[in-house]
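# just a sequence and a predicted model for now, questions to come.
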Amino acid sequence: MSADANNPVLDRSWSDPPGLIGWLSAINHKTISIRFMLTTMGFFAAGGVLAMIIRLQLARPENKLVGPDFYNQLFTMHGTTMMFLFAVPVMQAVATYLVPLMIGSRGIAFPRMNAFAYWIFLFGGLMLYIAFILDIGPDAGWFAYPPLAGPEYSPGKRMDFWAQLITYTELSGLLEAVILITTIFKMRTPGMTLNRMPLFVWTMLVTSFMVMFAMPSVMLASTALITDRLVGTHFYNPAEGGDVLLWQHLFWFFGHPEVYLIFIPPLGFMSSIIATFARRPIYGYPVMVLAVIATAFLAFSLWVHHMFATNVPELGKSFFTAASAMIAIPTAAQIFCWIATLWAGRLNFRTPMLFALSFFFILTIGGLTGIMLASVSLDLQVHDTFFVVAHLHYVLIGGAVFPLFGAFYYWFPKFTGRLMSERLGKWNFWLMFVGFNVAFFPMHIAGLRGMPRRVYTYPAEMGWNMLNLISSIGAVILAVGILLFVINVLVSRRRGEVAGADPWGAGTLEWATASPPAPGNFAQPVVVASRFPLWSPGGVAGVVRGLADDRREVLVTSVLDAVPNHRAVMPESSIWPFVSAVAVTVLFVGSIFTPWAVVWGAVLCTPPLIVWFWPKRKATQMNLEREVKP
């Protein structure tokens, strides 16, 4: 299907204003998504630099490159950056760009809230790194276990900044989850019933519901921690009736589902890439959807397997061992569906496909070591060793980062209108693949030989020297591969081959519009009649007529069958989400130093929020007529 024809009136209606004020006022979902992606990748680069310093320090025994205090800040900042500032936010960032296009919508629900979520995320991340540069970065681990993170063992403001960062990032994540759920349920183009949604849209819908249930737990935990530190409460103080294990239960009730918040969206990346480069729809669509939903439910029944070294009752440990083994079943079902698709397909081994195929090898190793760690007896032996570090990185990098890079190669033409270099892409892939395995596989052996994690040095006679040197060499190779990706992005953005609307010959709806899409996405949203409308004869059954071009008007449809209900007028660009985010930042940063900042910060937040939400006459006068014609 050809790209939409140029519509200057529609483009002007959906475009963000020019100039600095216009830049701060932008609310178009593609603009905010690109900023989100660039910001998260910037934090990914910062976390990678911290990881390289860690590997250089551990490359040889009794190294004095950094001291113990700075090393504690390094591994805390690295873990915090990757888990809270990169892994989940980057998945939501990609989704806010692609989901409206995949479901045939002109925009996203609550666009001003989307902009507010970005500014909150940006200010929170900058706050943490400014604190780190000023030598008041957190130093008690990204997991922040009390009493180590409490006022007695972590005096000063280091862990206060960490606790407030959690509030920032989880607030941003919750807002994005509400936006994506509403968009998917109520803004699908006519004909896109739930059983015709692309699998990536399904994964983001499930992920967003998981965010709604998981993130309030860690927000509650971090709020209790900061009140213990700043106000003198005793949630985690056993001497006053508190319980340090309360933190672990609250944190890991979020922390283990977070692994799947990171892991489930790449399952959607995999399905999109494999379908396109195998030239056939994914085998077993209902199985794939049910497997994602089952994974989400099971993810909330695993948190105690992070706590096998505590005094949890033995019967309870057995339950979580069984649940940890069971969660492999839905993932295995999806892998078999992908294999069936590949087996019957005509494979095209382009760079996105290589990154997708690496998922099978790396995630299998991570999954097998995960089942090993689900055994209480083995977990007690390797708890807090480098075996756990190796497992974590095989799951998160193999299960998330490699598919994410494949997704960037796959959708880069949609983002920019240009293809990335295949030659640089293949070099990028092989350097990352080899470097990753050289870096992290030896950590399994080091852990089995007893090397604890979170130690800044070790004596030569322990026998870990060669394993750490190999890991550090692998980290350098991995870093070179990622640097090559950055070079490929910069070069291809300027001089890459012009892509056209659908360079891969894909079948889903985001490829039915121009690359990059116009500000309003679709001049005339289409009516779909299949899961792959661009592949199926009659897959595009018509177009939606009657939406206004001179204002930001979208079609609202029913939840189950995407039957048109009415038209809604979306808000115009506004600077007030930015101003509100600044006011909220003043509140949170000020509260690190005085509780009164909560009171005066709330006063500061009130005016911009009132102006932001003040009803406009134009927004209330919606024409409820709609017309859907073939």
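Ah, there it is. Numbers count the residues shown, from 1 in each chain.
# any idea which helix or strand carries R229?
Element membership for R229, per DSSP states H and E: helix 199-230.
# average pLDDT across that helix?
Mean pLDDT, computed over helix 199-230, is 94.
# so what does the helix ranked longest in the chain touch, helix or strand wise?
Ranked by residue count and defined by DSSP state H, the top helix of the chain is helix 244-278. The helices and strands touching helix 244-278, judged by 3 or more CB pairs under 8 Å, 6 or more residues apart in numbering; DSSP states H and E, are helix 88-102, helix 199-230, helix 285-299, helix 328-344, helix 351-373, helix 386-396, helix 402-416. Just so you know, the C-beta spots here come from the backbone N, C-alpha and C atoms, and that holds for glycine as well.
# nearest to D561, out of those helices?
With CB to CB, the closest approach to D561 among the helices and strands packed on helix 244-278 belongs to helix 199-230: 15.4 Å.
# gap between F110 and N521?
With distances taken as CB to CB, to the nearest Å, F110 is found 16 Å from N521.
# so the two - more neighbours on which side?
The neighbour comparison of F110 against N521 (other CB atoms under 10 Å) goes to N521, with 26 against 19.
# re the thing from before, ranking the helices and strands packed on helix 244-278 by burial, who's on top?
With neighbours defined as mean count of other CB atoms under 10 Å, the helices and strands packed on helix 244-278 peak in mean count at helix 88-102, which reaches a mean of 26.
# which secondary structure elements does it contact?
With contacts defined as 3+ CB pairs under 8 Å, 6+ apart, helix 88-102 has these neighbours: helix 29-58, helix 158-186, helix 199-230, helix 244-278, helix 402-416.
# the same query, at a cut-off of 10 Å, please.
Packing partners of helix 88-102 (3 or more CB pairs under 10 Å, 6 or more residues apart in numbering; DSSP states H and E): helix 29-58, helix 111-133, helix 158-186, helix 199-230, helix 244-278, helix 402-416.
# gap between the fourth one and the chain center?
Here helix 199-230 shows a centroid-to-chain-centroid distance of 13 Å under the convention CA atoms, centre = their mean, to the nearest Å.
# now do that helix against helix 402-416, angle only.
Here helix 199-230 runs at an angle of 110 degrees relative to helix 402-416 (axes from the mean of the first three to the mean of the last three CA atoms, to 10 degrees).
# where does the closest residue to G141 other than its chain neighbours fall, secondary structure wise?
Excluding the flanking residues, the one nearest G141 by CB to CB, 6 or more residues apart in numbering is T76, at 5.4 Å. With secondary structure defined by DSSP H and E, T76 is part of helix 68-80.
# for that helix, what is the average pLDDT?
pLDDT averaged over helix 68-80 gives 95.
# for it, which positions count as buried?
For helix 68-80, burial by neighbour count (16 or more other CB atoms under 10 Å) applies to Y71, N72, Q73, L74, F75, T76, M77, H78, G79, T80.
# what of stretch 124-137?
For stretch 124-137, the neighbour count (16+ other CB under 10 Å) marks G124, G125, M127, L128, Y129, A131, F132, I136, G137 as buried.
# distance of the closest residue to the third one other than its chain neighbours relative to G124?
Distance criterion CB to CB, 6+ apart; nearest residue to M127, sequence neighbours excluded, is V589 at 6.1 Å. Taking CB to CB as the measure, V589 falls 10 Å from G124.
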